[in-house]
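Trainee: What follows is a protein structure lacking sequence information:
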């Protein structure tokens, strides 16, 4: 029998059961060999009697282990173990995700604003595209399988129903697998699935976020599934921006060939819709995970998957922007004032390039059944009333990013930016101090600045000293600042994120310099992403700065950003010349 304290294979100690479902249970566990927290998914003993199911379980582990993407839960190990009563179990060891399901946040808020919805869709679509390129179709995309981490990023979990093209023979013909509320028409009809099957499901997730309910309901899962085949969903709220309506409409097309051709194309469209939405509102909305307030959206461990997302009445919605007032539930309180919108001076950002990425996966036969449980992982913030994850990372744009969470009693973080274009060659580089050498890992540079720089002094109770470092000094000779964004929270400047470029190497460099608590170890982050490649991030406890993060990007669009003191800045893909 599995209980807290049981150790599997002399390595994985089960600490707390956090989710249960049709395949088994998920435990928050400790890898005693490496000393890290992990999630262990244990199959129900009754399933082990089915050799085919065990084979599928192991195949799932191999598929996931091959995926490398920050938006997909990572698999570390899998195996079998014999318990004290001589019974055998199979288990899967995964990354422990400090997050809460999207289902809970929507229940808590009533619905999400359009910009936040498109941010969720964009992140999830990029993760799905990575899976599709590996030949894997998820087949059970739903709000409960999207976790929002403490830093606001979205992680796709539970590939228990996923199938690769090499596994087609392991699924019986006309067997129904999936969740009816988010099932594509081809799944419901028992037809082959493809990557655009997941595109449809993500469109249904977007509909759920915008309305607080799935596109269709019914008296049974079969009835709901057939409505996906035959019916059109009710219209979205009247105030939904046209660009957002079009994204959802195309994703929910009945015919696979009428949808976005790839998840990457859906991600691009969602980002464009988010940009257009934020450009048209005077005050950017804040998603529920960025709003300080009471209650966590779910009880510890969250609900078992497969339950109706609308079974419980939602709590009153969080404040939304005036542009979205028309979509609030009847009787909801009026929106509360929010922090002012961020501003960016200089030319408008360059248009993004259309992404044409082909993603094809194998054909699989599918139909309707109970959903597999998702590992809904309890965040440490849940133990603390009023805590919530910060705003979604990596999705803000020049038009006005979603304001991140701020400490209780503090104003909203309002990053601003002034920039120079990157068209042509930057001014000739002026001599600068050598780049800081590696030193104290908590310093974001050496504990003693380079020669000529003033060293901050004083105890932590003294007002912070000026940061002795400059962005060019951190990135190295030849790098020139081409853009920057101020990080402001609670009316105080926390730091500044700098984007630099070297004409000699064709490389970008990003660094976040602290303005508050200089010389003290606080959490600082910076990142750089070249379009078409993965994001490079440096984050942790630093005294002066986070970075540098460098990447070759001549003639390629980049996304950049950082955070300090509770304020976050995230750009769109820009600086493409």
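Mentor: Sure, I can see it. Because the structure is predicted, anything quoted here is derived from the model rather than measured.
Trainee: Please determine how far residue 1 is located from residue 551.
Mentor: As judged by C-beta to C-beta, to the nearest Å, residue 1 and residue 551 stand 51 Å apart. For glycine as for every other residue, the C-beta is placed from the backbone atoms N, C-alpha and C.
Trainee: got it, and residue 75?
Mentor: 27 Å.
Trainee: the more surrounded of these two?
Mentor: Neighbour comparison, residue 75 and residue 551: the larger count goes to residue 75, with 21 against 17 (by other C-beta atoms under 10 Å).
Trainee: Give the bridge partners for that one, please.
Mentor: Beta bridges link residue 75 to residue 94, judged by DSSP bridges.
Trainee: residues in contact with it?
Mentor: 61, 64-65, 67, 92-95 (C-beta atoms under 8 Å, 6 or more residues apart in numbering).
Trainee: can you put those residues in JSON lines and add distance to residue 273, neighbour count and pLDDT?
Mentor: Below are these laid out as JSON lines (distance: C-beta to C-beta, whole Å; neighbours: other C-beta atoms under 10 Å; pLDDT from 0 to 100):
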{"residue": "61", "distance to residue 273": "36", "neighbour count": "22", "pLDDT": "77"}
{"residue": "64", "distance to residue 273": "30", "neighbour count": "24", "pLDDT": "78"}
{"residue": "65", "distance to residue 273": "34", "neighbour count": "15", "pLDDT": "84"}
{"residue": "67", "distance to residue 273": "27", "neighbour count": "20", "pLDDT": "84"}
{"residue": "92", "distance to residue 273": "36", "neighbour count": "26", "pLDDT": "89"}
{"residue": "93", "distance to residue 273": "38", "neighbour count": "22", "pLDDT": "93"}
{"residue": "94", "distance to residue 273": "32", "neighbour count": "26", "pLDDT": "91"}
{"residue": "95", "distance to residue 273": "30", "neighbour count": "18", "pLDDT": "90"}
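Trainee: Identify the farthest-apart pair in these.
Mentor: Within those, 67 and 93 form the most distant pair, 14.9 Å apart (C-beta to C-beta).
Trainee: how about the nearest residue to residue 493, chain neighbours excluded?
Mentor: The shortest distance from residue 493 to any non-neighbouring residue, by C-beta to C-beta, 6 or more residues apart in numbering, is to residue 515 (4.8 Å).
Trainee: neighbours around the one you found, how many?
Mentor: Residue 515, neighbours per other C-beta under 10 Å, totals 18.
Trainee: same check, this time on residue 86
Mentor: 6.
Trainee: Kindly report the same for residue 517.
Mentor: 17.
Trainee: Wait, a strand at it?
Mentor: No. Residue 517: not assigned to a strand; according to DSSP: H, G, I helix; E, B strand; the rest coil it is coil.
Trainee: For residue 494, see how far away it is.
Mentor: Distance from residue 517 to residue 494, by C-beta to C-beta: 8 Å.
Trainee: Give the residues shared as contacts by the two.
Mentor: residue 565.
Trainee: Just to check, residue 45 is in contact with residue 86?
Mentor: No. Under the criterion of C-beta atoms under 8 Å, residue 45 is not in contact with residue 86, lying 11.8 Å apart.
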